[in-house]
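1. I'll drop the sequence and a predicted model, then ask my questions.
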Amino acid sequence: MAALPDAEELCGRLARELKARVTPATAMVGIHTGGAWVAERLHAALGLPEPLGLLDPAFYRDDYAKQGLARDPKRSKIPFAVEGRDLLLVDDVLYTGRTVRAAMNELFDYGRPASIALVVLADRGGRQLPICAQYAGARLEVPAGMRLTLKHDAHRLALALEPERAA
Amino acid sequence: MRRNPQLNEKGGLQHLLSIEGLPREILLQILDTAESFVGVTEREVKKVPILRGKSVFNLFFEPSTRTRTTFEIAAKRLSADVINLNITVSSATKGESLLDTVANLSAMQADIFIVRHESSGAPFLIARHVKPHEHVINAGDGRHAHPTQGLLDLFTIRHYKKDFSALTVAIVGDILHSRVARSLIHGLTTLGVPEVRVIGPQTLLPTGVEALGVRVFHDMRAGLKDADVVVMLRLQNERMRGALLPSAQEYFKHYGLTADKLALAKRDAIVMHPGPMNRGVEIDSSVADGPHSVILPQVTFGIAVRMAVMSIVAGN
């Protein structure tokens, strides 16, 4: 398989693509943890007036019955009114779509947004729900049994492939 | 060696029976999870779907309003169905045994039992007999333990003081009869608080309390010196009748928290109380309502802590 694309370049490309779509009602929410890193970069590049929101949809996940609660759920913080907002929901890797489903359910407990667009650094296919990204930095094929993740070392973001953890 | 009755085979929290014997990582997991639930309780919609379809039975064999209510609110905010049973006025008076009561509720598809009982150890007995998917949370057993109160105290301390590693915590009053004090002491020592003090008259301190890793003071002024956290315990009226104490006035003079005594603690000390308070017996109104008091935030944090405990055990 070819080398993985550079995550920082993908962020730059997404920011340029999003620039034209920003309206006065636009606000951004990043999904913990990788999505929040991508969102920090996009938020700064776009110069959005509202502070960045952070979402950890741990309490909305559909695998709670199987896996229990995640070890250290982060506190979700949405520092603006969601009602009537055009939301850019940001994640690192789009795979089954289940995290995005959980995140959208949580967002609606803060209010009724005018719209939500999904922004992801990489779309690796394999959807189990009818969810698609309006903005994807890259579309990648990932070999079976492997997981595509985003790493944050020192100052740079980097995509990485690693073996899937046994469930 | 017998397995810790609170943990499952993977080391996850299966039941919450006492803070004693819980590893530090589990205590921190509960406090961290509670932190995210505080975010939920500050939203417009204060509810998450995580325990949808689960049934929580509040089994109170001893009366309690605050603890039962906060468990009920916590369970409802997790979308569970809550059934309140005031056993003192039903089955127990008809002679049904504790385990029969629980077996009947289990047949009604219970997932979590919240148990308050006047006998120490009752929640342990229940936990030994429930089915693998059922979970027991101790809401206070006799003089033994009140782990969710201990945890909400720890949460409150961490909220205001950020770090446990340099704190002096003074617990004042009837340590002997207090399950709250016992749970809190175990939690504080497990999380590495270097100085835990207990302050009270000889008759209200258990013999050998030093073995829990605390320093004992009979003089309240000496014990409060430079404390970061002051935890006042409720003086139960029946102690006065039991001849352990001369009178409420006399007790207040020596062990009541007044602004004047609190001035000996650190300038930014916080004052806590598990409630219900006896104003003018263990705490002066000016302190209870004063700038150092975090007694009402304790109640609010108690909901988030109980949400955390329920969502952790029900997932294990």
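-> Here it is on my side, so go on.

2. how about the helices of the chain, start to end?
-> Picked chain A for this. Listed in chain order, the helices of chain A (DSSP state H) span A:7-19, A:34-46, A:64-67, A:98-108.

3. you looked at the wrong chain, it should be chain B
-> Taking DSSP H as the test, the helices found in chain B are B:24-41, B:66-77, B:91-94, B:98-107, B:122-129, B:147-161, B:179-190, B:220-224, B:237-241, B:248-255, B:259-262, B:285-288, B:295-315.

4. for the last one, buried residues please.
-> Neighbour-count burial for helix B:295-315, with 16 or more other Cβ atoms under 10 Å in any protein chain shown as criterion, is recorded at B:295, B:297-315. Using the backbone N, CA and C atoms, a C-beta is placed for each residue, glycine as well.

5. restricting to those, which residues neighbour chain A?
-> Contacts with chain A within the buried residues of helix B:295-315, counted by Cβ under 8 Å from any Cβ of the partner chain: B:311-312, B:315.

6. contacts only, for whatever residue of the stretch 101-250 of chain B ends up closest to chain A.
-> Distances between the stretch 101-250 of chain B and chain A by Cβ to the nearest Cβ are smallest at residue B:133, namely 10.4 Å. When contacts are counted by Cβ atoms under 8 Å, 6 or more residues apart in numbering or on different chains, residue B:133 is found next to residue B:111.

7. follow-up on the earlier one: which one of the ones next to chain A among the buried residues of helix B:295-315 sits closest to residue B:22?
-> In terms of Cβ to Cβ, no member of these lies closer to residue B:22 than residue B:312, at 11.7 Å.

8. so what's that closest one up against?
-> With Cβ under 8 Å, 6+ apart as the criterion, the residues that contact residue B:312 are A:68-69, B:12-13, B:29-30, B:33.

9. Serialize the residues you listed to CSV and add fields for distance to residue A:57 and neighbour count.
-> Shown next, in CSV, are the contacts of residue B:312 (distance: Cβ to Cβ, whole Å; neighbours: other Cβ atoms under 10 Å in any protein chain shown):
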residue, distance to residue A:57, neighbour count
A:68, 15, 18
A:69, 12, 22
B:12, 21, 17
B:13, 22, 23
B:29, 19, 20
B:30, 20, 26
B:33, 14, 24
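
10. is it possible to get JSON lines of these that adds pLDDT?
-> Formatted as JSON lines, the contacts of residue B:312 follow (pLDDT from 0 to 100):
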{"residue": "A:68", "pLDDT": "91"}
{"residue": "A:69", "pLDDT": "92"}
{"residue": "B:12", "pLDDT": "94"}
{"residue": "B:13", "pLDDT": "96"}
{"residue": "B:29", "pLDDT": "97"}
{"residue": "B:30", "pLDDT": "98"}
{"residue": "B:33", "pLDDT": "97"}
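
11. any idea which of those residues is closest to residue B:181?
-> Closest approach between those and residue B:181, by Cβ to Cβ: residue B:30, at 19.3 Å.

12. I'd say that closest one and residue B:309 touch.
-> Yes. Taking Cβ atoms under 8 Å as the definition, residue B:30 is a contact partner of residue B:309 at 6.0 Å.

13. so which residues on chain A come close to chain B?
-> With the criterion set to Cβ under 8 Å from any Cβ, chain A comes near chain B through A:56, A:58-60, A:64-65, A:67-69, A:71-77, A:105-106, A:109-111.

14. which of the residues you listed are buried?
-> Buried among the residues of chain A next to chain B by 16+ other Cβ under 10 Å: A:56, A:58-60, A:64, A:68-69, A:73-76, A:105-106, A:109-111.

15. quick check, nearest of those to chain B?
-> Of all these, residue A:68 has the smallest distance to chain B: 2.9 Å, by Cβ to the nearest Cβ.

16. for the closest residue to the closest one other than its chain neighbours, give its distance to residue A:105.
-> Nearest residue to residue A:68 in three dimensions, chain neighbours excluded: residue B:315, at 2.9 Å (Cβ to Cβ, 6 or more residues apart in numbering or on different chains). Relative to residue A:105, residue B:315 is positioned 18 Å away (criterion: Cβ to Cβ, to the nearest Å).

17. so what does the helix or strand of chain A with the lowest mean pLDDT touch, helix or strand wise?
-> Using mean pLDDT, DSSP states H and E, helix A:64-67 stands out as the lowest-scoring helix or strand of chain A, at a mean of 90. Under the contact criterion of 3 or more Cβ pairs under 8 Å, 6 or more residues apart in numbering or on different chains; DSSP states H and E, the helices and strands touching helix A:64-67 comprise helix B:295-315.

18. and the angle for the helix it packs on with helix B:66-77?
-> Here the directions of helix B:295-315 and helix B:66-77 differ by 50 degrees (axes from the mean of the first three to the mean of the last three Cα atoms, to 10 degrees).

19. what about helix B:295-315, average pLDDT?
-> The pLDDT scores in helix B:295-315 average 97.
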